[in-house]
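In: got a predicted structure plus its sequence, pasted below:
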Amino acid sequence: MMLAGGFGSDFINGTYWLIVPVMRVEPRYYYNLTKRFEKGKKTINNSANYLSISSDYQFATGIGSKAHSIGTFNIIPKWGMKRTIGKHFIFEFAVGIGVQKSENNNWKAAPGLDLKLGYSF
């Protein structure tokens, strides 16, 4: 589970912001982990490049200013990289494009962009 947020604008609501809960399942294949280890690079916390398939369900409830949310389901193949910075910080970047199905059965293309900064204890 995570919280996703965004900004938007339309003719009805004007400019708005929104935060919604999202449930994600994302299996990953780290394809260069062994090569990084053999070259003496950091591999702690799976610091390597990866391929994944991200399956997200965005709930229809959210908080925000003048915004409404509908439930959506996404399947997005992604390419990403994960790196450990220092001993505890983790940086992740992933990008891809897939499909999205909304509650009203509309299908459309869905871009995927992840930019994460984490802390490992």
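Out: Arrived safely, thanks for sending. Numbers count the residues shown, from 1 in each chain.

In: okay, and residue 93 sits in which element?
Out: strand 89-102 (DSSP states H and E).

In: helices or strands next to the following helix or strand past that strand in the packing?
Out: As assigned by DSSP H and E, the chain's next helix or strand after strand 89-102 is strand 107-119. With contacts taken as 3 or more Cβ pairs under 8 Å, 6 or more residues apart in numbering; DSSP states H and E, strand 107-119 sits against strand 72-85, strand 89-102. Any C-beta I mention is one placed from the backbone N, CA and C, and that applies to glycine too.

In: hang on, the earlier thing: the strand holding residue 93 versus strand 107-119: what angle between them?
Out: Relative orientation of strand 89-102 with respect to strand 107-119: 160 degrees, computed using axes from the mean of the first three to the mean of the last three Cα atoms, to 10 degrees.

In: low-scoring stretches of the protein, by residue?
Out: Within the chain, the ranges that satisfy pLDDT under 70 run 13, 65-68.

In: walk me through which strands the strand holding residue 93 pairs with, and which way each runs.
Out: strand 72-85 (antiparallel), strand 107-119 (antiparallel) (DSSP bridges).

In: point out the most buried one among these.
Out: For the strands paired with strand 89-102, the largest average neighbour count (mean count of other Cβ atoms under 10 Å) is found in strand 72-85, namely a mean of 17.

In: distance check, residue 116 against residue 15.
Out: 26 Å (Cβ to Cβ, to the nearest Å).

In: likewise for residue 49?
Out: 37 Å.

In: neighbour count winner among these two?
Out: residue 49 (17 against 11; other Cβ atoms under 10 Å).

In: which helix or strand contains the more buried one?
Out: According to DSSP H and E, residue 49 maps onto strand 48-58.

In: quick one on the thing from earlier: in the strand holding residue 93, what's buried?
Out: Of the residues in strand 89-102, 90, 92, 94, 96, 98, 100 count as buried by neighbour count, 16 or more other Cβ atoms under 10 Å.

In: and the helices and strands packed on strand 107-119 as CSV, adding distance to residue 58?
Out: Below are the helices and strands packed on strand 107-119 laid out as CSV (distance: least, Cβ to Cβ, whole Å):
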stretch, distance to residue 58
strand 72-85, 5
strand 89-102, 9
